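Student: Build me a model:
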Amino acid sequence: MPALWIAHVTVTDDEAYGKYAKLAGPAIAKHGGQFIARGGRFVQLEGKERPRNVVAKFPSVEAAEACYHSPEYQEALDHARGASERELLIVETSE
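Tutor: Numbers count the residues shown, from 1 in each chain. Modelled structure (predicted):
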């Protein structure tokens, strides 16, 4: 079953986070992920608002989790740590 990788982000250091974004995109694509929403317009209805929201679709929960733990993504993530506040989850779709 396909899965969605959903991130809610507040960027606190634009330069460092830019380095993360530059590396994260290729890492996500390498694991079969495709962005379906990336920082677009949103309406916060409940919970903590984060100004940047990203959704990527992966072939499976396992593929999304493998991406997260991959050396390529972890290298990217090193730039996001300390440069953002974020929540990230993976949820299987019903497709």
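
Student: which residues does the nearest residue to Glu15 once chain neighbours are set aside contact?
Tutor: Distance criterion CB to CB, 6 or more residues apart in numbering; nearest residue to Glu15, sequence neighbours excluded, is Ala83 at 7.9 Å. (Glycine included, C-beta is placed from N, CA and C.) Ala83 makes contact with 11-13, 15-17, 20, according to CB atoms under 8 Å, 6 or more residues apart in numbering.

Student: Ok, Arg50 next?
Tutor: Per CB under 8 Å, 6+ apart, neighbours of Arg50: 8-10, 85-87.

Student: Ignoring the adjacent residues along the chain, who's closest to Arg50?
Tutor: Counting by CB to CB, 6+ apart, Arg50 lies nearest to His8, which is 3.9 Å off, once chain neighbours are set aside.

Student: Switch the contacts of Arg50 over to TSV; also include distance to Gly39.
Tutor: Below are these laid out as TSV (distance: CB to CB, whole Å):
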residue	distance to Gly39
His8	11
Val9	9
Thr10	12
Glu85	15
Arg86	13
Glu87	15
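
Student: Most widely separated two among these?
Tutor: The distance between the two most remote of these (CB to CB) is 9.9 Å, for Thr10 and Glu87.
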